[in-house]
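Chemist: fold the following and give me the result.
(2 chains)
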Amino acid sequence: MLDMKFVRENPDIVKQNLKNKFQEEKLPLVDEVIELDARSRAAKQEADDLRSNRNKISKQIGALMAQGKKEEAEEIKKQVTANSERLAELEALETELSEKVTNIMMVIPNIIDPSVPIGRDDSENVEVTKYGEPNVPDFEIPYHTDIMERFDGIDLDAAGRVAGNGFYYLMGDIARLHSAVIAYARDFMIDRGFTYCVPPFMIRSNVVTGVMSFAEMDAMMYKIEGEDLYLIGTSEHSMIGKFINTILEEDSLPKTLTSYSPCFRKEKGAHGIEERGVYRIHQFEKQEMIVVCKPEESPMWFDKLWQNTVDLFRSMDIPVRTLECCSGDLADLKVKSFDVEAWSPRQKKYFEVGSCSNLGDAQARRLKIRVNGENGKYFAHTLNNTVVAPPRMLIAFLENNLNADGSVNIPEVLRPYMGGKDKLIPER
RNA sequence: GGAGAGGUAUCGAAGUGGUCAUAACGAGGCGGUCUUGAAAACCGUUUGCCUUCACGGGCACAUGGGUUCGAAUCCCAUCCUCUCCGCCA
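Modeler: A predicted model of the protein is given here:
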């Protein structure tokens, strides 16, 4: 969410930003919100004057009552009653107008970073850098669920009966590998100075609307029936939410946290659950990293964050590349975003395994996360990035570490988490 | 889940319808006096938001409503904390 004052003073920047994001349909909202804001402030001003007046008179009444001059007090009371109707009217107007302003402000996108490439949709995202050789072996790489089945590592039929499409049972060595990756990723981030955290897996609606747009909320979040609680779609939600309504001391920044959580997603909308296997699912686990920092440091942290993910995947011999989200593909709250993609030797292309985002002060403004600095208070900047999200990550892992004989290499870094094994041998 | 108590500034805490709301009192923090230095003592200072070029004005006593000329104070709902009981990994 942008600062209303900024929109008022820079309507042209806001409009150009909408054009850059190919959201022309929202252009009229800019003038509309400026107009509504002006009326809202005028109503507030008039109401404040009436309230000021009422406060003064009420004090007089108090003084008269104290002196026992009841009749005089009764006389003055009438003056207040005369204004009360207009005040009630103005108060209703204030509420109505400021709600309208907020509703529009919630759908006006954040100003994108000047470095973001202009493009309409994900087809225009831009590859930044490749890391590692995207090899294609001379034997055939099976579909990931087929690899898992050779290890008796997955039971989608049972999951379908128990919970439906989009769920899975991981079994045996594959399940252990899943947990090993999470544990390794956790320690990897702790070694890089991040503080480990296990957050709430459900959050209130005010936190939900603070960390994401309405569109995302509708497409992603599961609501708990009869309660004001939602299952988190990522621990970013509870981790950024951790700082709701706080004023942080400047010297306590940056906050660098790495969190574990299961993630729940409806995956409603364009994609549906069309991909087979564990690529797109309703429930997965994820190790996440988040940063709350000073505005001038957020670009630096952005680069550090995605680099962490690249390094983690490279330490497991998985080739990756970074892909920059173009303006049209960038979610409304984001200033800049990179996807980290892993190489799939089966598909001979890269696919998304992580997403790194700089939200600027958008989440901080919605959640009121402020910093107490030398020159006054300001909103913090927030960033988040995937460390690793199995089981999707396991797809890349299995495909890249598969041998011709059907065995799977365990990279050295994972062996301590896999009982010292250097190789998984298939059951069949 | 049941019963009770409570939620006021950095912390403890007073205030139970109007010169008690920036908010008493105590502690802590910061600045100063004194001191070779420290302690003690003494003096001063110490919430946030909205609006305004400014002066100023408004709002906030968990949150949201209500009663009233006027609400921290009375009423209703919700949230949270503590104690006891129940249940439970």
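Chemist: could I get the full set of helices for chain A?
Modeler: A:4-9, A:11-20, A:27-67, A:70-107, A:144-150, A:156-162, A:172-191, A:205-211, A:214-220, A:235-241, A:298-314, A:362-367, A:392-401 (DSSP state H).
Chemist: got a markdown table for these, with mean neighbour count too?
Modeler: Every C-beta, even on glycine, is put in place using the N, C-alpha and C of the backbone. Formatted as a markdown table, those follow (neighbours: other Cβ atoms under 10 Å):
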| stretch | mean neighbour count |
| --- | --- |
| helix A:4-9 | 15 |
| helix A:11-20 | 16 |
| helix A:27-67 | 15 |
| helix A:70-107 | 14 |
| helix A:144-150 | 21 |
| helix A:156-162 | 13 |
| helix A:172-191 | 19 |
| helix A:205-211 | 20 |
| helix A:214-220 | 15 |
| helix A:235-241 | 27 |
| helix A:298-314 | 20 |
| helix A:362-367 | 25 |
| helix A:392-401 | 25 |
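Chemist: can I get the ones you listed in JSON lines including distance to RNA strand B and mean pLDDT?
Modeler: Rendered in JSON lines, the data for those read as follows (distance: least, Cβ to the nearest atom of the strand, whole Å; pLDDT from 0 to 100):
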{"stretch": "helix A:4-9", "distance to RNA strand B": "6", "mean pLDDT": "92"}
{"stretch": "helix A:11-20", "distance to RNA strand B": "16", "mean pLDDT": "95"}
{"stretch": "helix A:27-67", "distance to RNA strand B": "3", "mean pLDDT": "87"}
{"stretch": "helix A:70-107", "distance to RNA strand B": "4", "mean pLDDT": "81"}
{"stretch": "helix A:144-150", "distance to RNA strand B": "30", "mean pLDDT": "94"}
{"stretch": "helix A:156-162", "distance to RNA strand B": "21", "mean pLDDT": "92"}
{"stretch": "helix A:172-191", "distance to RNA strand B": "18", "mean pLDDT": "96"}
{"stretch": "helix A:205-211", "distance to RNA strand B": "10", "mean pLDDT": "85"}
{"stretch": "helix A:214-220", "distance to RNA strand B": "20", "mean pLDDT": "83"}
{"stretch": "helix A:235-241", "distance to RNA strand B": "14", "mean pLDDT": "92"}
{"stretch": "helix A:298-314", "distance to RNA strand B": "20", "mean pLDDT": "97"}
{"stretch": "helix A:362-367", "distance to RNA strand B": "9", "mean pLDDT": "90"}
{"stretch": "helix A:392-401", "distance to RNA strand B": "27", "mean pLDDT": "95"}
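Chemist: nearest to residue A:268, of those helices?
Modeler: Closest to residue A:268 of these, according to Cβ to Cβ: helix A:214-220, at 4.8 Å.
Chemist: quick one: contacts of the closest one?
Modeler: Applying Cβ atoms under 8 Å, 6 or more residues apart in numbering, the contact partners of helix A:214-220 are A:106-107, A:208-209, A:212, A:233, A:265-269, A:331-332.
Chemist: and the residue of the stretch 151-300 of chain A found nearest RNA strand B, what are its bridge partners?
Modeler: Scanning the stretch 151-300 of chain A for the residue nearest RNA strand B gives residue A:247, at 6.4 Å (criterion: Cβ to the nearest atom of the strand). Under DSSP bridges, the beta-bridge partners of residue A:247 are residue A:370.
Chemist: also residue A:322?
Modeler: With DSSP bridges as the rule, residue A:322 is bridged to residue A:129, residue A:340.
Chemist: that one contacts residue A:339, doesn't it?
Modeler: Yes. At 7.3 Å, residue A:322 counts as touching residue A:339 under the criterion of Cβ atoms under 8 Å.
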